[in-house]
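Student: A predicted structure for the sequence below; I have some questions about it.
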Amino acid sequence: MRISNDRRGDDFEINVVSLIDVLLTLLMFFVLTTTFVQHSRLKVNLPQASAEDRDMQPPAITVMVDRDGRFYVGSDEVPGAGVEPLKAAIARVAGDDRGQTVVIRADALTAHQNVVTAMDALGQLGFTHLSIATTPTPSETGQ
């Protein structure tokens, strides 16, 4: 006597509904977090070094800020504090050419506000080509 079983074998199923829920949750997380990243709105154009460009461009104006917050335009110290004396000194050195490149050289220990003050003075005068000078780290120089 043969006893038959109506089952042809065990049918295995994997329920993927919960996996799809997790996948969609992760997808929504990544979509929402990537849309809130804001990039810097400040454009800083660094000068390019080549022999042809160096001959055609006028020399860059240098604005220096020491660690005590004193400003220097070129090699001359700016008397007084605030934006107005700095604007007057920059305008005196630059003349009417607002297309010149301006290099801001600030001490690493100076207050951030001093660099922002220099950038504000340059922006009020209409300068659009700013560079911030840095020095390479010892690992970049091969030491």
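Tutor: Structure received.
Student: where along the chain do the helices fall?
Tutor: 17-35, 51-56, 83-94, 112-125 (DSSP state H).
Student: Could you give the number of residues near Val73?
Tutor: A count of nearby residues for Val73, using other CB atoms under 10 Å, gives 22. C-beta coordinates here come from the backbone N, C-alpha and C atoms, glycine included.
Student: Chain neighbours aside, what residue packs nearest to it?
Tutor: For Val73, ignoring the flanking residues on the chain, the nearest one in space by CB to CB, 6 or more residues apart in numbering is Ala89 at 4.4 Å.
Student: Wait, the one you found touches Arg70, no?
Tutor: No - Ala89 sits out of contact with Arg70 when judged by CB atoms under 8 Å, with a separation of 11.8 Å.
Student: Common neighbours of the two, please.
Tutor: Taking CB atoms under 8 Å, 6 or more residues apart in numbering as the contact rule, Ala89 and Arg70 both touch Val78.
Student: Compare those two (neighbour count), which wins?
Tutor: Comparing Ala89 with Arg70 by other CB under 10 Å, the one with more neighbours is Ala89, at 21 against 15.
Student: Which residues are in contact with the more buried one?
Tutor: Counting by CB under 8 Å, 6+ apart, Ala89 touches 71, 73, 76, 78.
Student: If the closest residue to Arg70 other than its chain neighbours is in a bridge, with which residues?
Tutor: Once flanking residues are discounted, Arg70 sits nearest to Glu77: 6.2 Å by CB to CB, 6+ apart. The partner list for Glu77 in beta bridges (DSSP bridges) reads Tyr72.
Student: and Glu77, how many neighbours?
Tutor: Neighbour count of Glu77, defined by other CB under 10 Å: 12.
Student: thinking it is in contact with Gly69, fair?
Tutor: No - here Glu77 does not reach Gly69: they are 11.8 Å apart, not a contact under CB under 8 Å.
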